[in-house]
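Q: Here is my input; please provide its structure:
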Amino acid sequence: MSASPDIIHPLQPFAAASRGPVRALTASAGSDGETGLRFRYVLKADLGALRIPALRAPGRAGELWQHTCFEAFVAGAANGRYLELNFSPSTEWAAYSFAGYRTGMTALELDPPGIEVTRSQGELAVVAHVAGPALLRGLSCAKGTKLRIALSAVIEDGNGGISYWALRHAPGKPDFHHAEGFVIEVTTP
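A: Just a heads-up that it's a prediction; the model follows:
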């Protein structure tokens with residue numbers, strides 16, 4: 001599956017029963033036209049029935065995945081390395097590098113992503129711009145490398161229940177790190 005920022009991909013809940021107040025969740029990933037990547041998520045839901053973190057000063061934060069959060073996983077060459085990027089509607093973010101499947105996790109040094117949050121009646125949009133040089137360093141890749149991307153989200157309902165959304169789910173249990181989810185291809189600028 002190839003991608004550009006204009007190709008919108010529907011995310012699916014891990015279990016159909018976990019849809020809850022969410023009507024639709026879509027995402028896209030692509031080059032931002034400069035040196036980085038752009039990720040866009042649009043959540044259409046009864047927002048009052050969800051726990052959505054309030055806006056805060058942008059900054060790095062941990063454990064964002066425990067609440068409503070949008071995620072991107074980026075893999076480069078076949079060396080097994082990949083990155084996890086978390087974008088909260090609060091404008092807080094996190095970035096991690098992995099040496100292999102769920103192993104060797106370290107914080108990724110990254111210029112703070114630009115995160116734009118727009119909220120209207122029944123819709124929440126989060127757009128994140130991530131600078132490319134740090135991504136390439138984290139993946140040990142060069143410019144022009146074809147990246148594989150997995151897009152996902154964690155949505156928390158008003159009772160604290162969590163639903164897991166992804167382009168493609170691995171069998172068994174929610175696992176955003178699983179290689180089957182890396183289905184979008186983007187060439188770095």
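
Q: give me the element the nearest residue to I8 once chain neighbours are set aside is part of.
A: In space, and not counting its chain neighbours, I8 is closest to T26: 4.8 Å by C-beta to C-beta, 6 or more residues apart in numbering. Any C-beta I mention is one placed from the backbone N, CA and C, and that applies to glycine too. If you go by DSSP states H and E, T26 is part of strand 22-31.

Q: Report the mean confidence score over that strand.
A: Per-residue pLDDT over strand 22-31 has a mean of 95.

Q: What are the contacting residues of that strand?
A: 3-11, 13, 37-46, 50, 70, 72, 122, 149, 151, 153, 155, 163, 165, 167, 184, 186-189 (C-beta atoms under 8 Å, 6 or more residues apart in numbering).

Q: I'd like to know which of the residues you listed are part of helices.
A: Of the positions in these, not one sits in helices, assigned by DSSP state H.

Q: so of the residues you listed, which ones are in strands?
A: When DSSP state E defines the strands, the subset of the contacts of strand 22-31 inside them is 9-10, 13, 37-45, 70, 72, 149, 151, 153, 155, 163, 165, 184, 186-187.

Q: Filter the residues you listed down to the buried ones, PyMOL style.
A: Here is the PyMOL command that selects only those of the ones in strands among the contacts of strand 22-31 that count as buried (16 or more other C-beta atoms under 10 Å):
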select buried, resi 9+13+37+38+39+40+41+42+43+45+70+72+149+151+153+155+163+165+184+186
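
Q: Now the helix or strand encompassing R137: buried residues?
A: Taking DSSP H and E as the criterion, R137 maps to helix 132-139. Using 16+ other C-beta under 10 Å as the burial criterion, the residues of helix 132-139 that qualify are G132, A134, L135, L136, G138, L139.

Q: ok, now stretch 71-88?
A: Residues 71-76, 81-88 are the ones in stretch 71-88 that count as buried (16+ other C-beta under 10 Å).

Q: Kindly report the same for stretch 142-161.
A: Buried-residue list, stretch 142-161, by 16+ other C-beta under 10 Å: L147, R148, I149, A150, L151, S152, A153, V154, I155, E156, D157.

Q: where does this structure have low pLDDT?
A: 1-6, 16-17, 77, 189 (pLDDT under 70).

Q: Can you tell me which residue is spatially central in it?
A: E71 (2.0 Å; C-alpha atoms, centre = their mean).
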